[in-house]
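Enquirer: have a look at this fold, sequence not included:
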């Protein structure tokens, strides 16, 4: 951690209190001049301090930015998020993370950005997010898996994301297979997983998470409005984006460690409990074909197990699902 | 194609004949001075010409190098090998191809090298090859598959490699699962497949092929000698490395196009006919566990189907197999 992180951590540990330059200098082991210089740097980043003669500084406002020192000062994990790369603007956090990973960045490295100029979702679809409003975060993982199990990591991340939103905001967040986050029938987030691998082993996985947090209804492009929402819209208040990032990373690390140690079945149990489509009739488009039936679970490779009307259970490995409305179900089952 | 390629092609189409500077200049559409300059360039690359007043040039010797113009002038394919990147020395042709692919190199791009400084095989194992002796070649493919089918491309490449060596040298080349090339019980080649993918689609696959061609017994490191061989050792004569590259690329393109059009089953049929282990008892080490039984075929994802002694057929998705010797089989089946 750098000096900025240390300073922010000290102010956070002593919230509401004045800390003198002498005290800060002593705690961190640098000169008072260095402390002052870093206070200035933090101010430029949007931190505000009340300063009082003899008493020192009190932190009065933290900027609404995904700054590494903010994440670091609150994060309680063993390896995930120990290194955070922050960008005001980037083409795509996944691209940056893939480059970092190819150069050997350590497992758990996180890339965050306020804005993506070419954010994307699955199948190269565009992912829209106004700057500074949402969560745009990519993580580097190196599970000792065969590549066929890469989907397990994406599924695990979707569970962590849904659990995070439920825990923090008491929202009915659900997962639409494979790993979209929905709140009250509207999409609030998505996960884009990319990997570099041999046939026998994964070099690295990059899991990109996009969650709509503080975007207002007006900020959603008109054509997306019917199917798209944000935590702010659903919870009725702005949220602390750092808190979401920290909670997500913590929930993910816990489950990822469980996945490595105990396998996929616990994750599947959680996923099923959080699944938007379980118990409903759906239509799945996969490799150019269309299937309809009822989801029956997840396979070891993250494939959706779809019980077709014929009674056969089919594995859906890629593509999309659509939940059939009541009238469509009636039509589909009529003779 | 560049001017070097055009020149070599012209000489090759008129093998044994003298071609005048005027004729070459006219055919290619450049000045005689340009032709002369390029003849000098080819000479520097190791080409030899007989020159005779009034008659012009006759190509008398082609260098034993994997030069793009040599490959281009003989290759009859639609897309594979249309662009060849040549290196005297490179860390690993797979690394170069992965970089080119990430930058958008077109499907079918080939990277060849005389020497690799960090050649590798599966599981990060070292792949040894003295410079200028063997075939070191990587291909970029972009099949419209789910990543789980990437193994099919590796299997297809191994079939093309075995067919190539059989056709050119009448050698009993066989494939050891998943995709090593063996001749008379010794390893002559290997394939390292790497991919960049999302969970739903492959960005690109790089297939690296290493085949021992003109390496002599003495050039094989002593500790590898018992299990390693080359085409030269087995066929009793040096081979034309360009011819091997061209034939391999052609055999692969034919099968790859078949794979995209008709699926995997024809490839599996060929693979079975060329399989070293079919009909033998083997031991498979996969994800830390050991299984023994008889290979029964290939699954859709390239997994080996292993019929265990219990009668259950198990999919072996990664790892290695070892063919059990007669005495080991006897021990394994004794009560």
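Expert: Nice, I can see it. The model shown is predicted, which means the values in this text are computed figures rather than measured ones.
Enquirer: contacting residues for residue A:282?
Expert: Counting by Cβ atoms under 8 Å, 6 or more residues apart in numbering or on different chains, residue A:282 touches A:292, A:293, A:294, A:295, A:306, A:321, A:322, A:323, A:324. No exception for glycine: its C-beta is placed from N, CA and C like everyone else's.
Enquirer: for ChimeraX, write a command that selects the buried ones of these.
Expert: In ChimeraX, this line selects whichever of those come out buried by 16 or more other Cβ atoms under 10 Å in any protein chain shown:
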select /A:292,293,294,295,306,321,323,324
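Enquirer: what does the stretch 51-200 of chain A have sitting close to chain B?
Expert: Contact residues, the stretch 51-200 of chain A versus chain B (Cβ under 8 Å from any Cβ of the partner chain): A:122-123, A:146-148, A:150-151, A:154, A:178, A:192-200.
Enquirer: inside helices: which ones of these?
Expert: A:150, A:151, A:154 (DSSP state H).
Enquirer: show me which of these is closest to residue B:217.
Expert: Proximity of those to residue B:217 (Cβ to Cβ) peaks at residue A:150, which lies at 42.6 Å.
Enquirer: can you pull the contacts of the closest one?
Expert: By Cβ under 8 Å, 6+ apart, residue A:150 lies in contact with A:143, A:193, A:195, A:197, A:202, A:205, A:302, B:147, B:199.
Enquirer: columns neighbour count and distance to residue A:281 on top of these, output as a markdown table?
Expert: Converted to a markdown table, these look like this (neighbours: other Cβ atoms under 10 Å in any protein chain shown; distance: Cβ to Cβ, whole Å):
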| residue | neighbour count | distance to residue A:281 |
| --- | --- | --- |
| A:143 | 20 | 34 |
| A:193 | 27 | 27 |
| A:195 | 27 | 32 |
| A:197 | 22 | 35 |
| A:202 | 20 | 35 |
| A:205 | 29 | 32 |
| A:302 | 27 | 21 |
| B:147 | 27 | 29 |
| B:199 | 26 | 24 |
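Enquirer: among those residues, which lie within strands?
Expert: Assigned to strands by DSSP state E, the following of these qualify: A:193, A:195, A:197, A:202, A:205.
Enquirer: quick one: the helices in chain A, in order.
Expert: Under the criterion DSSP H, chain A contains helices at A:3-13, A:21-28, A:32-44, A:68-74, A:93-102, A:150-169, A:231-235, A:241-262, A:265-273, A:326-333.
Enquirer: okay if I get these as CSV plus mean pLDDT and distance to residue B:99?
Expert: Shown next, in CSV, are the helices of chain A (pLDDT from 0 to 100; distance: least, Cβ to Cβ, whole Å):
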stretch, mean pLDDT, distance to residue B:99
helix A:3-13, 87, 34
helix A:21-28, 93, 42
helix A:32-44, 93, 37
helix A:68-74, 89, 29
helix A:93-102, 96, 9
helix A:150-169, 97, 22
helix A:231-235, 97, 39
helix A:241-262, 97, 29
helix A:265-273, 94, 35
helix A:326-333, 60, 48
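Enquirer: for the residue in the stretch 201-335 of chain A that chain B sits nearest to, which non-adjacent residue is spatially closest?
Expert: The nearest approach of the stretch 201-335 of chain A to chain B comes at residue A:318, 4.1 Å away (Cβ to the nearest Cβ). The spatially closest residue to residue A:318, leaving aside those adjacent along the chain, is residue B:200, at 4.1 Å (Cβ to Cβ, 6 or more residues apart in numbering or on different chains).
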